[in-house]
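1. Prediction below, plus the sequence it came from.
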Amino acid sequence: MKDSIIRGLAARQILDSRGRPTVEVDVHLADGSSGRASVPSGASTGTHEAHELRDGGACYEGRGVRHAVANVNGEIAAALRGVDAAGQRAIDTRLRELDGTARLERLGANAVLGVSLAVCRAAAAQRRQPLYRYLAELAGTREITMPMPMVNILSGGLHAGRGMDVQDFLVIPAGARTIDEAIEQVGRVRSAAARVMERRGLTTLLADEGGLSPGLATGREALALLVESIEAAGLRPGTDAVIAIDVAATALWDRAAGCYRLAREGRTASSDEMIAMCEDWLGEFPVVSIEDALDEEDWAGWQRLTARLGSRIRLVGDDLFTTHLARVQRGIETQVANGVLVKVNQNGTLSGTLDVIAAARAAGYAPVISARSGETEDPFIADLAVGTAAGQIKIGSVRCGERQAKYNQLLRIEEESGAPFAGMSAVRL
């Protein structure tokens with residue numbers, strides 16, 4: 001029997017960083033090699049994401065994943081036993097066919113993705129290859145690179161109990177020359193932000209992704225606090241460190257009223273007013289990237305936004321694209337956005353995710369590999385960002401074990417691989 005043949009699968013229910021159940025999968029091969037993967041979960045989710053199968057009922061307030069686990073241990077295991085783990089795309093195709101629905105609603109995207117990622121890790125282990133090297137082969141990457149991190153410092157929206165309307169304010173260490181230096185610098189900014197907030201008497205509560213939640217009334221106040229924090233860390237805003245924003249506007253959209261509700265500011269806004277707000281931020285602060293500035297279905301607004309700001313900064317689609325190839329292709333065809341947030345659990349399989357990254361890159365859109373608010377200790381996305389040479393990664397803040405697992409993996413990969421650091425070349429237009 002070929003060494004890379006799948007001998008068996010085993011799945012279980014574990015807990016993510018928010019204490020909610022998620023799926024973990026082990027894949028065992030004929031030669032004794034194995035791979036393990038666990039599946040993240042989002043709070044701010046797009047309508048078109050692959051479907052997370054939850055149990056309902058009283059256990060874990062309905063969030064249990066026992067049915068998804070049973071699907072792995074039963075139907076999926078039976079279908080993949082005896083299949084070659086080296087055939088990643090064939091396995092992912094088989095998983096989609098087995099489910100039979102567009103959004104993986106029958107077996108659950110959490111079941112399917114756990115298997116897909118565990119198969120990849122098992123195949124890499126069987127070949128005695130680092131995961132990032134094996135992923136580079138699957139993606140057809142010529143030269144791997146270390147990604148530039150964009151790091152959550154201040155949080156609001158669904159990541160912080162709606163303490164601020166805008167979901168995340170992030171720092172990109174523009175002057176860093178290595179991952180090691182980049183992580184040290186953003187760590188300094190986060191610590192400085194906590195000190196600044198304490199001096200002002202602001203809360204320093206921890207948000208889902210490890211950011212600080214000051215509960216400020218406006219985006220402008222948050223941006224001013226971020227600039228002050230960068231300076232307090234001994235860095236120069238606009239030179240050593242720049243800013244990225246995740247508006248998460250889908251969570252602000254009131255479909256019945258046809259407007260965006262900025263509850264903390266006590267006002268509503270039209271698409272054009274949201275665009276104007278973003279442009280004002282650009283004029284006053286060193287902002288280089290804005291994610292989900294408008295609702296996931298506001299395609300006309302996105303076109304106006306892109307026409308107005310797309311030559312100046314990265315406009316990244318998350319809920320807009322949901323790592324869905326057809327939606328990314330629609331964005332490319334209609335000249336909407338110029339960056340794609342890439343989340344493996346939005347897509348549901350590794351091969352589908354790689355296809356989205358390839359399509360984005362071919363069109364000149366920047367792929368940004370991203371974690372979710374409900375994460376696990378699995379550092380898979382660190383290897384994915386390196387192996388695909390995506391150039392950017394969004395993990396969360398430099399706090400909490402599920403985040404540090406990924407930053408620490410990047411440090412290990414940098415030391416082992418000697419891969420060059422993408423730096424700002426991946427961010428700048």
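-> Everything's here; your move.
2. Give the next helix or strand downstream of the lengthiest helix in the chain.
-> Longest among the helix segments of the chain by residue count, using DSSP state H, is helix 179-200. Per DSSP states H and E, helix 179-200 leads on to strand 205-206 as the next helix or strand towards the C-terminus.
3. other SSEs contacting whichever helix or strand comes after that next one?
-> Downstream of strand 205-206, the first helix or strand assigned by DSSP H and E is strand 212-213. In terms of contacts (3 or more Cβ pairs under 8 Å, 6 or more residues apart in numbering; DSSP states H and E), strand 212-213 is packed against strand 151-155, helix 179-200, strand 205-206. Glycine gets a C-beta too; all of them are placed from N, C-alpha and C.
4. Mind putting those into CSV with mean neighbour count and distance to Asp84?
-> Converted to CSV, those look like this (neighbours: other Cβ atoms under 10 Å; distance: least, Cβ to Cβ, whole Å):
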stretch, mean neighbour count, distance to Asp84
strand 151-155, 30, 39
helix 179-200, 19, 34
strand 205-206, 14, 44
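5. Make a markdown table out of these and add mean pLDDT and distance to Asp280.
-> Converted to a markdown table, the helices and strands packed on strand 212-213 look like this (pLDDT from 0 to 100; distance: least, Cβ to Cβ, whole Å):
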| stretch | mean pLDDT | distance to Asp280 |
| --- | --- | --- |
| strand 151-155 | 95 | 18 |
| helix 179-200 | 97 | 22 |
| strand 205-206 | 84 | 28 |
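6. Could you export these to JSON lines, including columns for distance to Val115?
-> Rendered in JSON lines, the data for these read as follows (distance: least, Cβ to Cβ, whole Å):
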{"stretch": "strand 151-155", "distance to Val115": "29"}
{"stretch": "helix 179-200", "distance to Val115": "30"}
{"stretch": "strand 205-206", "distance to Val115": "32"}
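7. wait, isn't Val115 in contact with Asn73?
-> No: using Cβ atoms under 8 Å, Val115 makes no contact with Asn73, being 10.6 Å away.
8. looking at the chain, which helix or strand does the model trust least?
-> strand 205-206 (a mean of 84; mean pLDDT, DSSP states H and E).
9. Given that strand, what are its sheet partners and their directions?
-> Using DSSP bridges, the strands paired with strand 205-206 in its sheet are strand 212-213 (antiparallel).
10. The strand it pairs with: how far from the chain's middle?
-> 19 Å (Cα atoms, centre = their mean, to the nearest Å).
11. So which bits of the helix or strand just after it are buried?
-> Going down the chain from strand 212-213, the next helix or strand is helix 219-232, by DSSP H and E. Under the neighbour-count criterion of 16 or more other Cβ atoms under 10 Å, helix 219-232 has 219, 222-223, 225-232 buried.
12. check which helix or strand covers Gln303.
-> Under the criterion DSSP H and E, the helix or strand holding Gln303 is helix 299-309.
13. nope, Val316 is what I was after
-> Using DSSP H and E, Val316 maps to strand 314-317.
14. what distance separates that strand from the middle of the whole chain?
-> Distance of strand 314-317 from its chain centroid, counting by Cα atoms, centre = their mean, is 13 Å.
15. If you count contacts, what does it end up packed against?
-> strand 287-291, helix 299-309, strand 339-342, strand 366-370.
16. Identify the residues contacting that strand?
-> Strand 314-317 is contacted from outside by 244, 288-293, 302, 305-306, 309, 328, 331, 336-341, 366, 368, 427, 429, using Cβ atoms under 8 Å, 6 or more residues apart in numbering.
17. Turn the buried ones among those into a named ChimeraX selection, would you?
-> Provided next is the ChimeraX selection string for whichever of those are buried by 16+ other Cβ under 10 Å:
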select :244,288,289,290,291,292,293,302,305,306,309,328,331,336,337,338,339,340,341,366,368,427
